[in-house]
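J.: Sequence below, structure please.
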Amino acid sequence: MENKERLSVGEWFENLWYHYKWLIIFGGLIALLLVMSLTQCIATKDPDVNILHVGPMYISPESGEQLKSSIASLSDDYNGDGNKRVDLLDITVVASSDEVSAGDMLGYDQASNALQRFQTEIRAGDSVIYLLDKRYFDMCMAEKLLTPLSEILDDADIPSKTVEGYGIYVSELDAFDLAGLSDVPDTAILCIRRSPDKDEVKYPGRTMDIWNGNRKTFINLVKYTAENGN
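T.: The predicted model follows:
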C-alpha cells in the first residue's frame with residue numbers, strides 16, 4: 001500500500017486556499033458583516049426624545065447636533081438606559097409639488113419624495129415632537145394628529161399667542177435662543193403628536209411611556225426661560 005505524503009501546515013493551508021478560496025472569502029465577508037451589525041446594535045441606544053422638522057431650511061449636521069444637545073439638556077433619561085439621546089429627522093421641503101414650475105421634473109420628484117416621507121413619518125414613524133412649516137402643520141390639523149396645548153400645559157404656561165391652540169411659533173419661545181434651535185426657521189411651529197392611545201393602528205415604537213417622556217420635554221421647551229435656564 002502506497003503511503004500518502006504528509007503535508008506540512010503551510011502546504012495544508014495552501015491546498016485549502018487553492019480549492020476553497022472564494023468560499024473562504026465569502027464566508028469571511030459574511031462574518032465581518034455580522035460582527036459589524038452586532039457591534040452597531042450594542043452601541044445604539046434607544047432615543048428618549050424623537051423630533052421631526054419639516055420646512056424649507058436644511059438643518060446642517062453641525063446645527064442638528066447642537067439642536068439635539070440643547071433638547072437633551074431639557075430632557076431626562078426617560079427609558080432608563082443611562083443615556084439621554086435625542087433623535088432628529090429633518091425633511092427639507094423647498095416647495096410643494098403643485099408649486100414646481102412645469103418641466104422641472106427634478107424639483108417635482110424632490111417635492112413629492114419629501115411629502116411622502118412626511119406622510120409616512122406622521123402615520124407610522126416614531127417622531128412625537130414636531131417643528132413644522134405652516135403647510136405641514138395644517139395637514140396634521142386636518143387629520144387631527146396633534147394634541148391641544150390645553151391638554152398638556154397649565155393655563156398659566158400657555159403662551160398668549162398660539163397657532164389654533166395646537167402649536168406655538170418657535171420664535172415666540174425663550175428656547176429659540178438655544179444653540180441649534182435658533183437655526184430652525186422662526187416660522188416653524190412647535191407642536192406635539194397626539195398620544196398613541198388615540199391611534200387606531202398600534203406601532204411598537206409608539207407607547208405611552210415614550211410619548212409621556214416627549215411630553216415632558218415639550219413642556220420644558222415651552223416653559224424654558226433664559227434667566228434660570230429651565
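
J.: switch to C-alpha atoms for all contacts and neighbour counts from now on
T.: Will do.

J.: Quick check: can you list the domain ranges of the protein?
T.: Per automatic domain parsing, the domain ranges recorded for the chain read 1-44, 46-223.

J.: would you list those in JSON lines and tack on mean neighbour count and mean pLDDT?
T.: Listed next are these as JSON lines, based on neighbours: other CA atoms under 10 Å; pLDDT from 0 to 100:
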{"stretch": "domain 1-44", "mean neighbour count": "10", "mean pLDDT": "69"}
{"stretch": "domain 46-223", "mean neighbour count": "17", "mean pLDDT": "90"}
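
J.: quick one: the strands in this protein?
T.: Using DSSP state E, the strands of the chain run over 49-55, 86-92, 129-132, 168-169, 189-192.

J.: and the gap between residue 74 and residue 159?
T.: 19 Å (CA to CA, to the nearest Å).

J.: coming back round to it: what would the strands of the chain look like in CSV with distance to residue 179?
T.: Converted to CSV, these look like this (distance: least, CA to CA, whole Å):
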stretch, distance to residue 179
strand 49-55, 16
strand 86-92, 14
strand 129-132, 15
strand 168-169, 17
strand 189-192, 16
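
J.: Out of the ones you listed, the one nearest residue 29 is which?
T.: Smallest distance to residue 29 across the strands of the chain (CA to CA): 30.8 Å, for strand 86-92.

J.: centre of the chain versus stretch 143-150, how much separation?
T.: From the chain centre to the centre of stretch 143-150 is a distance of 20 Å (CA atoms, centre = their mean, to the nearest Å).
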